[in-house]
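A.B. asks: sequence below, structure please.
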Amino acid sequence: MIEPEFLTTTRAFYDAIAADYADRFRDALDAMPTDRAMLALFADLVRAERPDGKTAELGCGPGLVTRHLYRLGLDVRGIDLSPRMVELAREACPEVPFTVGSLFDLPFRDGELTGAVAWYSIIHTPAERLAEVFAEFARVLAPGGHLLLAFQVGDEPLRLDKPFGHPVSLDFRRLRPERVEEAAREAGLPVTSRTVREPAGEESTRQAYLLARKPPA
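C.D. replies: So this is what the prediction gives:
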């Protein structure tokens, strides 16, 4: 099967910038209280559903959020499209399993996960293919399982050209919370909480956090 061009481009982009990205954002969560609060809430929900439930960060990059979830006590693993990002994640957090994989073909059995996090990882998927990604999220979540999404709010994509001086470029798709909520609901993952905060620090747009849950059996 021929891989879609947007996946090839995304992998090449993150392979190129992986080391610089990991250094730049290594301690980013320290200055983001809302982000930490959302991750803590998610961890509480997963533990309440099943104390030993398996969780995955889908599109984990160098594992910064995955490591935070591990420190919150979750049985977590990370999946990313970029082999270089996965390599760095394994070095930074050897206690956690990390695997190369795609949001379109997650390496989990049906209903295997109690929790899933897509932290700024759906933003490179074309709008017409988001339904496939959400269907895959719904497939791997067990009944009662929780999904946490984070993304930038907006309509126009942001194009990053030659980040950190590397000769690569990529579009970062900003999304409307109501449209993401609709996509989740249509996949059988109704949203239970929606949070939008104003830009902070170097951010130029609002940030959204959606919690969704697969209905209990």
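
A.B. asks: lowest average confidence, helix or strand, in this protein?
C.D. replies: strand 158-161 (a mean of 90; mean pLDDT, DSSP states H and E).

A.B. asks: pLDDT on the lengthiest helix in the chain, on average?
C.D. replies: Taking DSSP state H as the criterion, the chain has its longest helix at helix 5-24. Summarised as a single mean, pLDDT over helix 5-24 is 96.

A.B. asks: just the C-alphas of it, formatted as PDB.
C.D. replies: The C-alpha trace of helix 5-24 is given here as PDB (Å, rounded to 0.1, in the frame of the first residue of the first chain):
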ATOM      1  CA  GLU A   5       2.100  12.000   1.100                       C
ATOM      2  CA  PHE A   6       1.100  13.900   4.200                       C
ATOM      3  CA  LEU A   7       2.300  11.000   6.400                       C
ATOM      4  CA  THR A   8       5.600  10.800   4.600                       C
ATOM      5  CA  THR A   9       6.100  14.600   4.900                       C
ATOM      6  CA  THR A  10       5.100  14.600   8.600                       C
ATOM      7  CA  ARG A  11       7.600  11.800   9.400                       C
ATOM      8  CA  ALA A  12      10.400  13.500   7.600                       C
ATOM      9  CA  PHE A  13       9.700  16.900   9.300                       C
ATOM     10  CA  TYR A  14       9.800  15.400  12.800                       C
ATOM     11  CA  ASP A  15      12.800  13.200  12.100                       C
ATOM     12  CA  ALA A  16      14.700  16.300  11.100                       C
ATOM     13  CA  ILE A  17      13.800  18.500  14.100                       C
ATOM     14  CA  ALA A  18      13.500  15.800  16.800                       C
ATOM     15  CA  ALA A  19      16.600  16.600  18.800                       C
ATOM     16  CA  ASP A  20      16.000  20.400  18.700                       C
ATOM     17  CA  TYR A  21      12.400  20.000  19.500                       C
ATOM     18  CA  ALA A  22      13.100  17.700  22.500                       C
ATOM     19  CA  ASP A  23      15.600  20.300  23.900                       C
ATOM     20  CA  ARG A  24      13.300  23.200  23.300                       C
END
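
A.B. asks: which parts of that helix are buried?
C.D. replies: By neighbour count on 16 or more other C-beta atoms under 10 Å, the buried set for helix 5-24 is 10-11, 13-18, 21-22. Heads up, the C-betas are built off the backbone N, CA and C, glycines and all.

A.B. asks: so where is the chain shaky, pLDDT-wise?
C.D. replies: 1 (pLDDT under 70).

A.B. asks: now the helices: where do they sit in it?
C.D. replies: Counting by DSSP H, the helices of the chain are 5-24, 33-49, 64-71, 83-92, 130-140, 177-186.

A.B. asks: now the fifth one, how far from the chain's geometric center?
C.D. replies: It stands for helix 130-140. Relative to its parent chain, helix 130-140 has a centroid offset of 13 Å by C-alpha atoms, centre = their mean, to the nearest Å.

A.B. asks: how about that helix: buried residues?
C.D. replies: Quick answer for helix 130-140 (16+ other C-beta under 10 Å): 130, 133-134, 136-140.

A.B. asks: run through who's touching that helix.
C.D. replies: For helix 130-140, the external contacting residues (C-beta atoms under 8 Å, 6 or more residues apart in numbering) are 56, 58, 103-106, 108-113, 116, 118, 122, 125, 147, 180, 183-184, 186-189, 214.
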